[in-house]
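Student: need coordinates for the following:
(2 chains)
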Protein chains: 2
Amino acid sequence: MNQESQELSKQQLKSQETKAKIFRAAKHILQKKGYEQLSIKNICEEAGVSNGSFYHHFKTKDDLLSYYIEEQPRINPNLLDMPADADEAKQAIIYVYLNYVHYCQKLGVEFMANYYTPKNQSLNPLIWSERPYPIVTVSDYLRKAIDAGVVSPSVELNDIATDIRMIVIGNVFEWCLKDGKTDFEGNMKRSLEIYLNGLF
Amino acid sequence: MNQESQELSKQQLKSQETKAKIFRAAKHILQKKGYEQLSIKNICEEAGVSNGSFYHHFKTKDDLLSYYIEEQPRINPNLLDMPADADEAKQAIIYVYLNYVHYCQKLGVEFMANYYTPKNQSLNPLIWSERPYPIVTVSDYLRKAIDAGVVSPSVELNDIATDIRMIVIGNVFEWCLKDGKTDFEGNMKRSLEIYLNGLF
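Tutor: Numbers count the residues shown, from 1 in each chain, chains lettered A, B, ... in the order given. Below you'll find the predicted structure:
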């Protein structure tokens, strides 16, 4: 390894550390004080980084929050191969969201209760950039299955994506509302399964 | 009308006025400042009423919020007569929630965006008292239809109620997230219809 590439990796390391500090600070504020108190000023103070440092990594507060989605465990791509039939497609979609349930549980109900406010525009698909959101994974998968004629849903893919997002949001909201004391997995599996049974 | 009943109705009138003042104050704070700023102290200041006056009418802040649900337009009971078949039952349930959509639109997206936070325990069915919540209307209706053998859903009524509440919450959340710029009615109708098609 030459001098130049060593320098680069030191810089990259420092950049990763700064990003991690910002993440931890934002999570701490969200958990303890809520979305309304989550300002870039407060995040920088809590993280001990400069304003410029923040904007080097993130465009806005909601841009930062949308990165949490990148942290979630990846889906095994083999499970999202072309489904043999409609039933396999349903199970794959449910699998993606059970994965999301586990990720929410890892972030904790306190964090999620503050994250799931309609003011958090990182939940708004209209402003999404290229992130591995579960609904993007599921939409791509359904598009393939529809094109191959494996499933024939009764409505447009865009509308299906909206419905699934709404059902998932409702599930997370219910879990938060009951302060984690609900069958999060069971609710997610059942509500999606019934919806998908009505779809194809 | 005798003296006593006149006195009573004056008192009742004053009581109603106080209640209306408290409602207006809470709505104003929710719209302008959000749920976090909605304290009983702030409500009383804004309304110009005493603390004692507040507690005469409401048990808690969330108790007050749950009364908003009473204000919504009533469902014509004839529309909730025993359905002739499963399809009629689906349409009646959708009708109840289209009614709720119109009520949300009347309250306004700013109010609803502050109301639909997982911290607002008036959305938690575990603490509900006897109020005409749409889901109570729908559960009673479904219970009758199940008992009469008109519909035979694949899961327990309690789970259906949870699913429908989650779907409705997801719909309101989506509408708030997009600042009212979404097909609220169309989304509600479609997502409930597909779910109910999967159910019976």
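
Student: near chain B, which residues of chain A show up?
Tutor: Residues of chain A lying close to chain B (C-beta under 8 Å from any C-beta of the partner chain) are A:34, A:36-37, A:112-113, A:116-119, A:121, A:123-124, A:126, A:154-155, A:159, A:162-163, A:165-171, A:173-174, A:176-178, A:187, A:190-191, A:193-199. To be clear about C-beta, it is placed using only N, CA and C from the backbone, and glycine gets the same treatment.

Student: repeat that with 6 Å
Tutor: Listed as neighbours of chain B in chain A under the rule C-beta under 6 Å from any C-beta of the partner chain: A:34, A:36, A:113, A:116-118, A:123-124, A:163, A:166-167, A:169-171, A:173-174, A:176-177, A:191, A:194-195, A:197-199.

Student: for the closest residue to A:A84 other than its chain neighbours, the count of nearby residues, please.
Tutor: Closest residue to A:A84 apart from its sequence neighbours, by C-beta to C-beta, 6 or more residues apart in numbering or on different chains: A:V150 at 7.5 Å. For A:V150, the count of nearby residues is 17 (other C-beta atoms under 10 Å in any protein chain shown).

Student: A:V150 in helix, strand or coil?
Tutor: coil (DSSP: H, G, I helix; E, B strand; the rest coil).

Student: for it, give me the pLDDT.
Tutor: The model reports A:V150 with a pLDDT of 96.

Student: look up phi and psi at it.
Tutor: Main-chain dihedrals, A:V150, degrees, to the nearest 10: phi -70, psi -40.

Student: remind me which residues of chain A are low pLDDT?
Tutor: For chain A, applying pLDDT under 70 flags the ranges A:1-7, A:70, A:128-132.

Student: mind giving me the domain ranges of it?
Tutor: For chain A, automatic domain parsing gives the domain ranges A:3-58, A:69-199.

Student: what about A:C104, which SS state?
Tutor: helix.

Student: that one and A:M112 touch, don't they?
Tutor: Yes - when contacts are counted by C-beta atoms under 6 Å, A:C104 is listed as touching A:M112 (5.3 Å).

Student: what ranges does chain A have for its helices?
Tutor: A:3-33, A:40-47, A:51-57, A:61-66, A:86-107, A:109-115, A:134-147, A:157-177, A:184-199 (DSSP state H).

Student: what's the most buried one of those helices?
Tutor: helix A:157-177 (a mean of 23; mean count of other C-beta atoms under 10 Å in any protein chain shown).

Student: ok, residues contacting it?
Tutor: With contact meaning C-beta atoms under 6 Å, 6 or more residues apart in numbering or on different chains, helix A:157-177 is reached by A:97, A:109, A:112-113, A:116, A:135, A:139, A:153, A:182, A:184, A:187-188, A:191, A:195, B:118, B:123-124, B:166-167, B:169-171, B:173-174, B:191.

Student: swap in stretch A:149-156?
Tutor: By C-beta under 6 Å, 6+ apart, stretch A:149-156 touches A:83, A:86, A:89, A:145, A:160, A:199-200.

Student: could you measure from the residue nearest the centre of chain A over to A:T137?
Tutor: Relative to the mean C-alpha position of chain A, the nearest C-alpha, by C-alpha atoms, centre = their mean, is the one of A:I69, at 3.4 Å. Going from A:I69 to A:T137 by C-beta to C-beta, to the nearest Å gives 11 Å.

Student: one more: A:H57?
Tutor: 24 Å.

Student: same check on A:Q16?
Tutor: To A:T137, A:Q16 is 25 Å away according to C-beta to C-beta.

Student: check A:Q31 too.
Tutor: To A:T137, A:Q31 is 27 Å away according to C-beta to C-beta.

Student: repeat that for A:I146.
Tutor: 15 Å.

Student: same check, this time on A:W175
Tutor: For A:W175 relative to A:T137 (C-beta to C-beta), the value is 21 Å.

Student: A:F173 too?
Tutor: Taking C-beta to C-beta, one finds A:F173 at 21 Å from A:T137.

Student: and A:E156, how many neighbours does it have?
Tutor: When neighbours are defined as other C-beta under 10 Å, A:E156 has 10 of them.

Student: so what's the backbone phi/psi at it?
Tutor: When read as degrees, to the nearest 10, the backbone of A:E156 gives phi -60, psi 150.

Student: go on, A:G108?
Tutor: phi 100, psi 150.

Student: distance of it from chain B?
Tutor: 13 Å (C-beta to the nearest C-beta, to the nearest Å).

Student: now do the same contact list for that residue.
Tutor: By C-beta under 6 Å, 6+ apart, A:G108 lies in contact with nothing.

Student: roughly how far apart are it and B:V109?
Tutor: 29 Å.

Student: and if you look at A:M112?
Tutor: 23 Å.

Student: how about A:D159?
Tutor: Distance, A:D159 to B:V109, by C-beta to C-beta: 21 Å.

Student: hang on, the earlier thing: quick one: which of the contacts of stretch A:149-156 is nearest A:K27?
Tutor: Among the contacts of stretch A:149-156, A:I160 lies closest to A:K27 (C-beta to C-beta), at 31.7 Å.
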